[in-house]
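> Any chance you can model this:
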Amino acid sequence: MTTLPQSTEKKLGLVIDLDTCVGCHACVISCKEWNTSNYGAPLSDMDAYGAEPVGTFLNRVHTFEVKQENKPAQVTHFPKSCLHCEDAPCVTVCPTGASYKRVEDGIVLVNESDCIGCGLCAWSCPYGAREMDAAEGVMKKCTLCVDRIYNENIPEEDRVPSCVRTCPAGARHFGDFADPESNVSILTAAREGFDLMPEQGTKPVNKYLPPRPKTDVEQIDILGPLLARQPEETGGFLGWLDRTLEKL
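Have a look, this model is predicted:
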């Protein structure tokens with residue numbers, strides 16, 4: 001079994017703002033494109049246009065409608081990928097050492113050449129953040145775009161995960177949680193960022209910012225005027241005369 005480092009030099013991760021995420025799935029598409037084009041074995045799509053399509057995605061967006069008493073219903077878009085947990089069970093359960101957590105930055109990765117596709121890591125992950133690639137027979141997961149964030153051959157502003165760079169609403173933020181002055185640390189403290197399923201004891205690095213309650217939303221009757229019964233028009237010469245005079 002693989003062991004976890006006692007500590008890491010950095011804690012790189014994401015802050016996801018549930019208040020500003022619009023559920024556009026731009027992060028899903030950009031993640032798929034970047035990792036298929038550049039990282040390891042491509043993320044496969046099996047029978048993409050058939051009756052039972054199956055695809056591998058490292059990032060997904062779930063949408064829920066939440067209704068609280070005496071408050072208007074809210075739609076929440078919930079992006080989910082690997083949380084790069086400090087106490088990652090997917091690492092300690094791996095029988096070959098293919099899953100590991102990096103000491104230098106805390107990113108959890110999979111060495112695909114050592115992965116035997118047993119699926120134990122997926123079973124142990126309480127967040128469902130790992131996916132078996134049907135074509136390659138190896139486990140896939142978010143890498144925080146490790147091949148982007150350290151790549152000096154691309155512009156500095158692009159050295160962030162692809163999902164962060166793409167998000168049109170600015171709902172995704174990347175940084176070092178080990179630094180209390182980093183953007184992600186400040187955001188988490190200011191907006192009371194929370195862990196996903198803290199009762200699991202995995203200590204996820206990624207944080208979520210809660211949606212603000214929409215208490216000031218006014219109920220506007222949009223369809224009422226359109227559905228109201230319209231007066232019947234007068235026919236014949238008098239009707240034509242009436243419509244003509246209205247235009248003058």
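
> alpha carbons only for contacts and neighbour counts from here, please
OK.

> State the phi and psi torsions of the residue nearest to residue 66 when sequence neighbours are not counted.
Closest residue in space to residue 66, ignoring its immediate chain neighbours: residue 74 at 5.2 Å, by Cα to Cα, 6 or more residues apart in numbering. When read as degrees, to the nearest 10, the backbone of residue 74 gives phi -120, psi 140.

> Helix, strand or coil: sort out the residue nearest the centre of the chain for me.
The centre of the chain sits closest to residue 79, judged by Cα atoms, centre = their mean, with a distance of 2.5 Å. Secondary structure, DSSP: H, G, I helix; E, B strand; the rest coil: residue 79 is strand.

> Go through the longest helix along the chain and flag the buried ones.
In the chain, taking DSSP state H as the definition, the longest helix is helix 26-38. Residues 26-36 are the ones in helix 26-38 that count as buried (16 or more other Cα atoms under 10 Å).

> What is the nearest of those to residue 101?
Here the nearest of the buried residues of helix 26-38 to residue 101, counting by Cα to Cα, is residue 35; it sits at 19.2 Å.

> what's the following helix or strand after the longest helix of the chain?
For helix 26-38, the following helix or strand on the C-terminal side (DSSP states H and E) is strand 45-46.

> who's in contact with the very next helix or strand once past that following strand?
Sequence-wise, the next helix or strand downstream of strand 45-46 (DSSP H and E) is strand 54-55. Strand 54-55 has contacts (Cα atoms under 8 Å, 6 or more residues apart in numbering) with 43-48, 133.

> just stretch 77-85 next, same as before
Contacting residues not belonging to stretch 77-85 are listed as 13, 16, 18, 21-23, 58-64, 106-108, 127, 129-130, 141-142, 202-206 [Cα under 8 Å, 6+ apart].

> for stretch 116-123, same thing?
So stretch 116-123 is contacted by 89-91, 93-94, 96, 128-132, 137-139 (Cα under 8 Å, 6+ apart).

> before we move on, what about stretch 25-38?
Outside stretch 25-38, the residues within contact range by Cα under 8 Å, 6+ apart are 42-44, 57-61, 145, 162-164, 166-168.

> ok, 6 Å please
42-43, 59-60, 162-163, 167 (Cα atoms under 6 Å, 6 or more residues apart in numbering).

> From the residues you listed, which land in helices?
162-163.

> Give me the ChimeraX select line for the contacts of stretch 25-38, limited to the buried ones.
One line in ChimeraX is enough to select the buried members of those, burial here meaning 16+ other Cα under 10 Å:
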select :42,43,59,60,162,163,167
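
> of the contacts of stretch 25-38, the lowest pLDDT goes to which?
Looking at the contacts of stretch 25-38 by pLDDT, the weakest one is residue 42, with 75.

> Excluding chain neighbours, give the residue nearest to that one in space.
Counting by Cα to Cα, 6+ apart, the nearest residue to residue 42 once its immediate chain neighbours are dropped is residue 36, at 4.2 Å.

> same question, residue 76
Counting by Cα to Cα, 6+ apart, residue 64 is the residue found nearest to residue 76 once chain neighbours are left out, at 5.3 Å.

> Can you tell me the number of residues neighbouring that neighbour?
Counted with other Cα atoms under 10 Å, residues neighbouring residue 64 total 10.

> Also the one 5 residues further on?
Using other Cα under 10 Å, the number of residues around residue 69 comes to 6.

> how close does it sit to residue 101?
Note on residue 69: its distance to residue 101, by Cα to Cα, to the nearest Å, is 43 Å.

> for residue 68, same thing?
For residue 68, the distance to residue 101 equals 39 Å [Cα to Cα].

> Compare the two (neighbour count), which wins?
residue 101 (24 against 9).

> Excluding residues flanking it in the chain, which one is nearest the more buried one?
Closest residue to residue 101 apart from its sequence neighbours, by Cα to Cα, 6+ apart: residue 108 at 4.3 Å.

> What count of nearby residues applies to that neighbour?
23.

> Residue 78 bridge partners, please.
residue 62 (DSSP bridges).
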